[in-house]
Structure formats: structure tokens, C-alpha cells
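**Q** Next come a sequence and a model predicted from it.
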Amino acid sequence: MSIVIRENINIFQKVVHVSSGIEFDQMYLNQGTYVESLELNGPKLMLTYRDPENYITSKIQLKEYDDLEVTFGDPWMDDGVSEVETFTVLTCRPVQDGNVEINALAKPVYMMKVISDKARIFTQRGFPEILKSIAQKGMKFDMSAFPVVQNYHVLPGERPTTMLRQITKEQGALIWYARGSMHMSKFGTLFAKEPVATFEHGNASAKKMILKYEKPSEQVAAQENSLRTFTGWDEKEGRVKAPLNNPLLSKMKSKPAAFSPGGNNPFVLGNAIVAKKIAIDFIASGSFAVEPGQTLALRWRQPNVDEPLNEGMPDKVVVDTVSHWYMPQKYAIRVKGAVAVEPY
């Protein structure tokens, strides 16, 4: 039974060096972390192997820009998930005690970050068409409908992801890659969905337990940065600004102005107000089914008969970032849950 448990609890089930076809010996895996977020900065993979005989550095000869095919997940769980993803190695270095530390980025995202060597112009093109011309062939897409509002380009020396971030900011949306698909959606659309799971704190019998948590304080920074009257300049219309009938602005006592370079469209300026903030940061028992963009229900139980739930804590969040952390016989996740920024 102990052998089965050791094999099952390792969420990094198989790691293969693509160019040589050599499989890493997972018995030497000291620690692994897989990070997904509502951004084009991941998924990230961080692995630390024991390498006392220089097998990785000498036999495999792992180096930067090499690809790793990773099979990972928790198929032994009731809601278990299995995934296979290719990662591009960005750093590979020996560290203390004969260990090797590997940092890699999901290859589909890495390829969209490769610096362009030629200009690409997109004149009044829809976002799906733009993305499909940049993304790897065969990539799946899960995107809401968005209007065409601007022309876009990638200049030599720029990363295509810079343009994609600009597009999503102007649309008041989020873009991220996870589990083989590129996603683009508004935060409000994500938050309106039914929770896919419930995590509980203070309940030892819960299926999904919150072991530890912090409640960040981000309201002041988010409110001062985002809840403003954004203005821009149009060659024909002159000065333009975000619609003042925006519900968020109507609740503000003060509406400081902020000039937005390139913001010559009221639609774009109106979306500059849309923002999210991290409302909770918690560590929970491992569950690979949790991924960015999902909505989670949270229950904060307390030993008070009159008030069994702490209603001062968020009861629903969208997964902004999830880190899957593994050490031998240990698997936990760290979730940063987000809510929409609204004025106090």
C-alpha cells in the first residue's frame, strides 16, 4: 500500500527531455511547483532534482531552450485531472547540495513571447483572427465575443504578447492560457458563473480544506489606480473621456482625471475603469482540478452557535492564480482569489 501512495501522490508523473527522449527519474524529484494565472505569464514549471551523479547535466545535458514533455495531475482523486504539456526551459542551473533547479514556461505561451523579426499589421481584424495568426497551430480557443475597435500591429523587436495585452486591456477583458486552451473573457462573466467547488476553513471534515490564509488589503491602491475619469485625444473629435454615467464612477465622491496615451475611443477609455483585486490568498489541500478563471465558493466556519459563518470574509472568488506545490508525499495548492474593484 505504501508504494501505491508514493506513486499516486506525485503530481509530476512523467518528465521527458524531448530532444533526447530520456525520461527523468522521478525518484530524484525534490520539489515541483506548477503555476497558472489569469495572465500571459504562465503556466510556469519549477522543478528541483537531486543530481549527485550529474545525470541531468552530463547524460541528459539539459540546457536552455530545450523542451520538456510533462505528464501531471491527480488522477487518483474523485475529481482528478490528468494533463500533458510541453514546456520550454528558460533556466537550468546547479544549486547547493548537488541539486539542479529547472524553470520553464509552457511552450505555446513561450512561442508567443518570441521577439518578432518583422512587422505584422492587423487592420480592423477581429481578435480570434489576430490570435490564431500568432498562436501555435492546433491550439484550442475559449473566447467570448468582442467588438473590433482599433487597428493593431507588432513591430520588429516587440513581443506579440505585448499587443495581446493591449487588446485585452482596451476590451476590459482578461487573457490567459491553461490546460491546452487560450481563454479570453471579462471578469464579470467569470464571476457570474456557478462555483465549481467549495473550500472550507474551520471544518476538519470538509472535502476541500483551507489550511492557512491571508486577506490582502488592496482596495486603496486598486481604487486610486483604476477608478478615475480617463481621457484621451482624437485627431477629429478632440479630447474624449470615459463615459461619466459609468456605475463605478457614479459611486465615487472624487473622480481624478488620468490621461491615457492612445486612448482615443470612449469605449476603450470606459474599459480602463474595469479592474480586479486579490481578496484572499489561501493554502489548501491539493486539487489539480482547480485552474484560473474558475469560480470558487468559500465557507469560513467559526465556533459560534449564533454566527457559525464569518461573513466578513469573501464567500465567492475567481481563481486569479493557483500554484500546485509538491514535495515527496506532500501536495498542496495556493490560490489567490479575486473580486471586482468597487468603490468604498
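**A** Right, received. Where do you want to start? Numbering: from 1, shown residues only.

**Q** can you give me the helices in the stretch 201-344 of the chain?
**A** 219-226, 247-250, 266-271 (DSSP state H, counting those that start in this stretch).

**Q** quick one, which of these is packed in tightest?
**A** helix 266-271 (a mean of 20; mean count of other CB atoms under 10 Å). Where C-beta positions appear, they are placed from N, C-alpha and C, glycine not excepted.

**Q** Export that helix to CSV, keeping only CA atoms.
**A** C-alpha atoms of helix 266-271 as CSV (Å, rounded to 0.1, in the frame of the first residue of the first chain):
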residue,chain,number,x,y,z
PRO,A,266,-14.8,56.3,-25.4
PHE,A,267,-15.3,52.6,-25.4
VAL,A,268,-11.6,51.9,-24.7
LEU,A,269,-11.5,54.6,-22.0
GLY,A,270,-14.6,53.2,-20.4
ASN,A,271,-12.9,49.8,-20.0
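
**Q** list the helices and strands that helix packs on?
**A** Secondary-structure packing of helix 266-271 (3 or more CB pairs under 8 Å, 6 or more residues apart in numbering; DSSP states H and E): helix 160-171, strand 229-234, strand 238-241.

**Q** Next, the buried residues of the first one.
**A** Using 16 or more other CB atoms under 10 Å as the burial criterion, the residues of helix 160-171 that qualify are 160, 161, 163, 164, 167, 168, 169, 170, 171.

**Q** ok, now the shortest one?
**A** Within strand 238-241, the residues scored as buried using 16+ other CB under 10 Å are 240, 241.

**Q** center of this protein - which residue?
**A** Among the residues of the chain, residue 37 comes closest to the average C-alpha position under CA atoms, centre = their mean, at 0.9 Å.

**Q** just to revisit the earlier point, nearest to residue 27, of the buried residues of helix 160-171?
**A** Nearest to residue 27 out of the buried residues of helix 160-171 is residue 161 (CB to CB; 36.7 Å).

**Q** And that closest one, how close does it get to residue 255?
**A** 32 Å (CB to CB, to the nearest Å).

**Q** before we move on, the earlier item: for the nearest residue to the residue nearest to the centre of the chain once chain neighbours are set aside, which residues count as its bridge partners?
**A** Leaving aside its sequence neighbours, residue 37 sits nearest to residue 321 (CB to CB, 6 or more residues apart in numbering; 4.2 Å). Beta-bridge pairing for residue 321 (DSSP bridges): residue 37, residue 336.

**Q** shouldn't residue 321 be in contact with residue 293?
**A** No - counting by CB atoms under 8 Å, residue 293 is not a contact partner of residue 321; they are 10.9 Å apart.

**Q** Residues that sit against both of those two, list them.
**A** Shared contacts of residue 321 and residue 293, defined by CB atoms under 8 Å, 6 or more residues apart in numbering, comprise residue 38.

**Q** Could I get the CA-only coordinates of stretch 241-258 as CSV?
**A** Only the C-alpha atoms of stretch 241-258 are listed here, as CSV (Å, rounded to 0.1, in the frame of the first residue of the first chain):
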residue,chain,number,x,y,z
LYS,A,241,-13.1,60.8,-22.0
ALA,A,242,-14.7,57.8,-20.3
PRO,A,243,-18.5,57.9,-20.1
LEU,A,244,-19.4,59.7,-16.8
ASN,A,245,-22.6,57.5,-16.4
ASN,A,246,-20.4,54.5,-15.6
PRO,A,247,-21.9,52.9,-12.5
LEU,A,248,-18.5,52.7,-10.8
LEU,A,249,-17.8,56.4,-11.3
SER,A,250,-21.2,57.4,-10.1
LYS,A,251,-20.4,56.0,-6.7
MET,A,252,-17.1,57.9,-6.4
LYS,A,253,-17.0,61.2,-4.4
SER,A,254,-13.8,62.2,-6.2
LYS,A,255,-13.1,61.4,-9.9
PRO,A,256,-9.4,62.4,-10.6
ALA,A,257,-8.6,62.7,-14.3
ALA,A,258,-5.9,60.5,-15.9
